[in-house]
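[1] here's my sequence, what's the structure:
(one chain, ligands or ions: 1)
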Amino acid sequence: MTSVALLALEEFRLIRELILKYCGVVLGDDQRGYVERRLRDRLALLGISDFRGYYRYLRFDPAGPQEIEDAAESITTHETYFFREDYQLRAFRDEVLSGLYESRKPLRRVAIWSAGCSTGEEPYTLAMMLLEAGIPKDWDVRIFGSDLSRRVIAHARRGLYGPSSFRACPDRYRQQYFRPAPDGCYEVSREVRALCHFGQLNLVDAARVALIGKLDAIFCRNVLIYLEPSAKRAVVDQFFRRLAPGGVLLLGHSESLLSMTTAFEPVVLSSDLVYRRPAQSTESLPALAEDDLSRGGR
Ligand SMILES: C[S@@+](CC[C@H](N)C(=O)[O-])C[C@H]1O[C@@H](n2cnc3c(N)ncnc32)[C@H](O)[C@@H]1O
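    As a prediction, this is how the structure comes out:
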C-alpha cells in the first residue's frame, strides 16, 4: 500500500511563505488541508514522497522557481465565466465607455486590461460588449488579458469553452460570437479574438508591470481578495501608474480600495462603484495618511 503524503504545519508554513513571496497570495491556517490535496499531484508527478522533500525541491533544486509557479497555479482559484457580474460590465458599457471614447478622440485609441483574467472569459466578454456598443471606425481598441498561470493563458489563447463557461452568457451572444466545436464546446469568433491579446504576468512583479503602456480601464476582479494587504497595495499602486489620467479601475463585487488609498476618485454608477485616476494626478500613488486609515480610507 502506498502512503499518502501529509502536510505538517511547519512545512505548510514554509511552503505558504514561498507562495506569498512569489505572487502575494495569502493562505490561512485553515487552508492546510486544501493545499495538501492540491499539491499531492505535484509530488506524485515529481516522484517526491513527502512535503519536506517537496519544500527542499522548491528551495534548492534548479527547477525550484518553475515549480513554485506550478504550485501557485495548483493552489490559486481560476473560477470564471462569461458575463460574470454583468451588472458591472453593463454599467461600464453604458456609463463609462462613451466618455472614454470622447476623451480619447485625439488618439483614437482605447486600451483595456483584464488583470488576472484566468481562462479568458472576462476579456472576451468585454470584447463582445464593445462590439455590441459599436467600435468607432478606424480606432485602435485593444483588450489585454493577463494571468499568473501560463496554463490558463494558453486556454484563453485557444478560445475553446465548455458549457460551464456559458452559465451566465445570454444565448444570443453565444450564437453570434462563437461557433460550435467538438465535444459540446464552442470556439470564440475571429471578430472577438481580434480585439484580445493575452500574456502571462505576475501582478506583484512591478518591473514587468511597469512595461505595460498606458491604459484607459483596468478590470481586476476577484484577484485582490486572495492577496496579502501589502501585495494588494503594491498592485493597486501599479494600477494607478498604468492608468492614463481619467482612466478607471473596476474591482470584483467583494473588493474595494477601503483603507488602501484615497488617490482614486470613486465614481458612483447606477449599479456599481468604479475608481478613477483623477485627470490631474502625479505618477505615483500618495501614501495613505494615518488619519485616512483611522477614517477608513475609501
Ligand atoms: C478567480 S480568478 C478571477 C478571474 C476573473 N477576473 C473573474 O473575475 O472571473 C483569479 C485569477 O487571479 C490570478 N492571480 C492570482 N494571483 C495573481 C498574481 N499575483 N498575478 C496575476 N494573476 C494572479 C489567478 O491565477 C486566477 O486565475
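
[2] residues from the stretch 1-150 of the chain in reach of the ligand?
    Within the stretch 1-150 of the chain, the positions adjacent to the ligand are 23-25, 76-80, 84, 116-118, 122, 147-149 by CB under 6 Å from any ligand atom. Yep, even glycine has a C-beta here, placed from its N, CA and C like the rest.

[3] out of those, name the ones that lie in helices.
    In helices, defined here by DSSP state H, the members of these are Cys23, Glu122.

[4] dump the residue contacts of the nearest residue to Lys232 once chain neighbours are set aside.
    The shortest distance from Lys232 to any non-neighbouring residue, by CB to CB, 6 or more residues apart in numbering, is to Leu224 (5.1 Å). By CB atoms under 8 Å, 6 or more residues apart in numbering, Leu224 lies in contact with Lys232, Val235, Val236, Leu251, Gly252, Glu255.

[5] do you know how far Leu224 is from the ligand?
    Leu224 is 9 Å from the ligand, where distance means CB to the nearest ligand atom, to the nearest Å.

[6] which SSE is the closest residue to Phe92 other than its chain neighbours in?
    Closest residue to Phe92 apart from its sequence neighbours, by CB to CB, 6+ apart: Leu250 at 6.4 Å. Assigned by DSSP states H and E, Leu250 belongs to strand 243-251.

[7] quick one: list the elements packing against the helix or strand following that strand.
    For strand 243-251, the following helix or strand on the C-terminal side (DSSP H and E) is strand 265-268. Other helices and strands packing on strand 265-268, by 3 or more CB pairs under 8 Å, 6 or more residues apart in numbering; DSSP states H and E, are strand 273-276.

[8] what ranges does the protein have for its strands?
    Counting by DSSP state E, the segments of the chain that form strands are 109-115, 140-147, 160-161, 178-180, 186-188, 196-200, 215-220, 243-251, 265-268, 273-276.

[9] burial of Phe144, as a residue count?
    Using other CB atoms under 10 Å, Phe144 has 20 other residues around it.

[10] for it, name its beta-bridge partners.
    Counting by DSSP bridges, Phe144 forms beta bridges with Trp113, His197.
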